[in-house]
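**Q** Structure of the sequence below:
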Amino acid sequence: MTQVQDKLEGTPLIAPSSTDHPLYDQVVDACRTVFDPEIPVNIYDLGLVYTIDITDENDVSILMTLTAPGCPVAGEMPGWVQDAVEPLAGVKSVAVKMTFDPPWGMDMMSDEARLELGFM
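**A** Below you'll find the model as predicted:
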């Protein structure tokens, strides 16, 4: 996912993920098992997962959003993500936080998601 940039400051609005951590790919794969119930695409490819931060102690912190603030599963989705990531071997703890800043946009979807939804 490309990072959203603040055009005036040049600083990312979304913190970078721990892409070099050995557990990163497994956490991404786990996030890909969670689907938005209204859209037949997983939350990672939809671009709803903003940041996956993994400490040296294997504590995982995930910052995510929803397609809209009024999404009916807003209260449940963080638990679904936590339940998907927690069982991974080596993961010590998982914390999932929601944000709506920056708001989600269709430009955050992966090419796979755009293709699946007929936008390509």
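
**Q** how close does the residue most central in space within the chain get to residue 60?
**A** The centroid of the chain falls nearest to residue 49 when counting by Cα atoms, centre = their mean (1.2 Å). For residue 49, the distance to residue 60 (Cβ to Cβ, to the nearest Å) stands at 11 Å. Where C-beta positions appear, they are placed from N, C-alpha and C, glycine not excepted.

**Q** Got phi/psi on the residue nearest to the centre of the chain?
**A** Dihedral angles of residue 49 (phi, psi; degrees, to the nearest 10) stand at phi -90, psi 110.

**Q** State whether it and residue 62 are indeed in contact, as I suppose.
**A** Yes. Taking Cβ atoms under 8 Å as the definition, residue 49 is a contact partner of residue 62 at 6.3 Å.

**Q** any shared contact partners between the two?
**A** Common contacts of residue 49 and residue 62 (Cβ atoms under 8 Å, 6 or more residues apart in numbering): 31, 81.

**Q** First-to-last residue distance for stretch 91-101?
**A** Its first and final residues considered, stretch 91-101 spans 27 Å by Cα to Cα, to the nearest Å.

**Q** same thing with stretch 86-106?
**A** 28 Å.

**Q** tell me which residues in it are buried?
**A** Neighbour-count burial for stretch 86-106, with 16 or more other Cβ atoms under 10 Å as criterion, is recorded at 91, 94, 96, 98, 104.

**Q** Note down every partner strand of the helix or strand residue 63 falls within and its orientation.
**A** Assigned by DSSP states H and E, residue 63 falls within strand 59-64. Strand 59-64 has its sheet partners listed here by DSSP bridges as strand 49-54 (antiparallel), strand 93-98 (parallel).
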